[in-house]
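> Take this sequence and fold it.
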Amino acid sequence: MEGTVTLKVKVRTFPSKGRARVHETVLPMIGAKEGEALLLAQYPTEWDKKTKTVAVTGYGDTMVDKSLIMLSPEDIAALGVAEGDTISVIRKVTWTEMVTKGAAKAGGAVKEGAVKAGGTVKEGATKAGKTVEKGAKDVVGKVTPKKEDKEL
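Okay, the predicted model is just below:
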């Protein structure tokens with residue numbers, strides 16, 4: 001998964017459940033900003049709906065090694081790992097982002113379908129117009145009196 005980093009777990013000096021400290025360069029690597037939610041999972045990770053994750057709030061810190069993530073003992077236990085284990089970290093996508101992305105995708109599909117349908121309707125209308133025009137000329141030819149014919 002794009003935006004995934006692997007880091008080694010280290011227990012925080014000042015534990016704070018639900019908060020993670022990483023080097024400040026890690027957050028941009030996963031597309032996260034200071035204070036945004038991160039998802040943690042045991043490594044190796046296949047990110048799907050069955051993956052056991054722990055959500056924490058991520059904070060950048062220049063004092064943390066680039067290869068580490070500092071977690072509270074409670075978060076480490078909830079994840080089922082030990083200090084020194086490698087974990088996968090991604091930015092947690094919010095519901096708003098998921099709905100927005102889904103709506104944009106659906107809108108694109110609707111637009112594409114409408115364009116195709118419009119083309120099909122235009123094509124059918126053109127064919128129908130030509131058929132009606134041909135039929136009208138045929139009828140006009142049959143009902144218009146000719147000069148040598150007597151008036152109706």
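
> Am I right that residue 35 is in contact with residue 56?
No. Between residue 35 and residue 56 there is no contact, the gap being 11.1 Å when judged by C-beta atoms under 8 Å. Bear in mind the C-beta positions are built from the backbone N, C-alpha and C, glycine included.

> out of those two, which sits in the busier spot?
Regarding residue 35 and residue 56, a neighbour count based on other C-beta atoms under 10 Å identifies residue 56 as having more, with 24 against 11.

> Helix, strand or coil: sort out the more buried one for me.
Three-state assignment for residue 56 (DSSP: H, G, I helix; E, B strand; the rest coil): strand.

> Just list the residues touching it, thanks.
With contact set as C-beta atoms under 8 Å, 6 or more residues apart in numbering, residue 56 has these partners: 18, 19, 20, 37, 38, 40, 71, 75.

> Confirm the fifth one sits in a strand?
Yes. Residue state for residue 38 (three-state DSSP) corresponds to a strand.

> For the residue lying closest to it once chain neighbours are set aside, give me the pLDDT.
In space, not counting the residues next to it along the chain, residue 38 is nearest to residue 58; the distance is 4.3 Å by C-beta to C-beta, 6 or more residues apart in numbering. Turning to residue 58, the model gives it a pLDDT of 96.

> now residue 58: how far from residue 14?
To residue 14, residue 58 is 16 Å away according to C-beta to C-beta, to the nearest Å.

> and of the contacts of residue 56, the nearest to residue 5?
If you rank these by distance to residue 5 using C-beta to C-beta, residue 38 comes first, at 9.7 Å.

> My guess is the closest one contacts residue 55. True?
Yes. Assessed by C-beta under 8 Å, residue 38 is found in contact with residue 55 at 7.1 Å.

> Now do the shared contacts for the two.
Once C-beta under 8 Å, 6+ apart is applied, the residues that residue 38 and residue 55 both contact turn out to be residue 92.
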